[in-house]
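**Student:** Quick one, structure for this:
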Amino acid sequence: MTDALPDQQRRSARWARVVLKLSGEALAEPSGFGLNTETLEQIATELRDVKSTFEVDISIVVGGGNFWRGVKGAGQGMDQAQADHMGMIATVMNGLALQDALERVGQDSRVMTAVEMPKVAEPYIRRRALRHLSKGRVVILAGGTGNPFFTTDTAAALRAAELEAGVILKGTHSGVDGIYTADPKLDPTATRFEHISYIDVINKGLKVMDSTAITFCMDQHIPIVVFDLLAGGNVRSLLEGQHVGTLVG
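**Tutor:** Residues are numbered from 1 along each chain as shown. Coordinates of the predicted model:
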């Protein structure tokens, strides 16, 4: 375990407050389902270490696709609102797993959910979330926006605005280290963008975040960094100010 530095010795980060967006699939076993304990430990350890090194507030918005995707249920004929509520519950499961992983490596955290489950997590209240951040806790934001028809990408954009975050760090999990002109796994000539505008992401149909989230971030002037989450040290490098992945803004 890395011992936390005294407050006066911690370094300033590129952004004082960040929202880390994780898909449920990033936490999954190689099969794409369930939870990979090694991945959880890797993410938790890196976040603990950056919290001990930098003066930075970290919130995490987590998806639930490793357990259930609302769009899949809707595609199979299920009522979409019902399917989306099931997906929100799946995000709470991932939030609790992340909290356990963080606290096992010594990082205090809280799970807050837009879908109230008082026996397992706190309800999301903006001022309470800000209070937790001021106490040095990692705040895990589950339950999406609490409304059907909105993705966890949109939830990340909304929470970033509410919590006055400087950036959304969109972590990928498939070995792709940013936004490319085409799928680099299928097209060897694909090249990575170092920087791209919100409008170009929308016009080119690039699958970064859903269009609602991208448009909201554009309106609120919230930059997005798309990077390989599972390449160790990338979060630290980003907070140090190094160029990693693709900047959308």
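**Student:** Work out for me the element Arg14 sits within.
**Tutor:** According to DSSP states H and E, Arg14 maps onto strand 11-22.
**Student:** Direction included, what does that strand pair up with?
**Tutor:** Its sheet considered, strand 11-22 pairs with strand 54-62 (parallel), strand 167-172 (parallel) by DSSP bridges.
**Student:** Could you name the helices and strands sitting against the next helix or strand after the last one?
**Tutor:** Right, strand 167-172. Downstream of strand 167-172, the first helix or strand assigned by DSSP H and E is strand 195-196. Judged by 3 or more Cβ pairs under 8 Å, 6 or more residues apart in numbering; DSSP states H and E, strand 195-196 is in contact with strand 246-248. From N, CA and C alone the C-beta is placed, and that goes for glycine too.
**Student:** could I get the strands paired with strand 11-22 as a markdown table with mean neighbour count, mean pLDDT and distance to Leu130?
**Tutor:** As requested, those are arranged in a markdown table below (neighbours: other Cβ atoms under 10 Å; pLDDT from 0 to 100; distance: least, Cβ to Cβ, whole Å):
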| stretch | mean neighbour count | mean pLDDT | distance to Leu130 |
| --- | --- | --- | --- |
| strand 54-62 | 25 | 98 | 9 |
| strand 167-172 | 24 | 95 | 17 |
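**Student:** re earlier: list the buried residues of the strand holding Arg14.
**Tutor:** 13-15, 17-22 (16 or more other Cβ atoms under 10 Å).
**Student:** Repeat that for stretch 94-104.
**Tutor:** Using 16+ other Cβ under 10 Å as the test for burial, stretch 94-104 gives 94-99, 101-102.
**Student:** Just the residues you listed: which are in helices?
**Tutor:** Judged by DSSP state H, the buried residues of stretch 94-104 include 94-99, 101-102 as members of helices.
**Student:** Can you tell me which of those lies closest to Arg127?
**Tutor:** In terms of Cβ to Cβ, no member of those lies closer to Arg127 than Gly95, at 19.6 Å.
**Student:** So for the closest one, what's the pLDDT?
**Tutor:** Looking at Gly95, its pLDDT stands at 97.
**Student:** low-scoring stretches of this structure, by residue?
**Tutor:** Applying pLDDT under 70 to the chain picks out residues 1-8, 70-72, 74.
**Student:** where do the helices sit along it?
**Tutor:** 37-53, 70-75, 80-104, 126-134, 152-162, 198-203, 211-220, 234-240.
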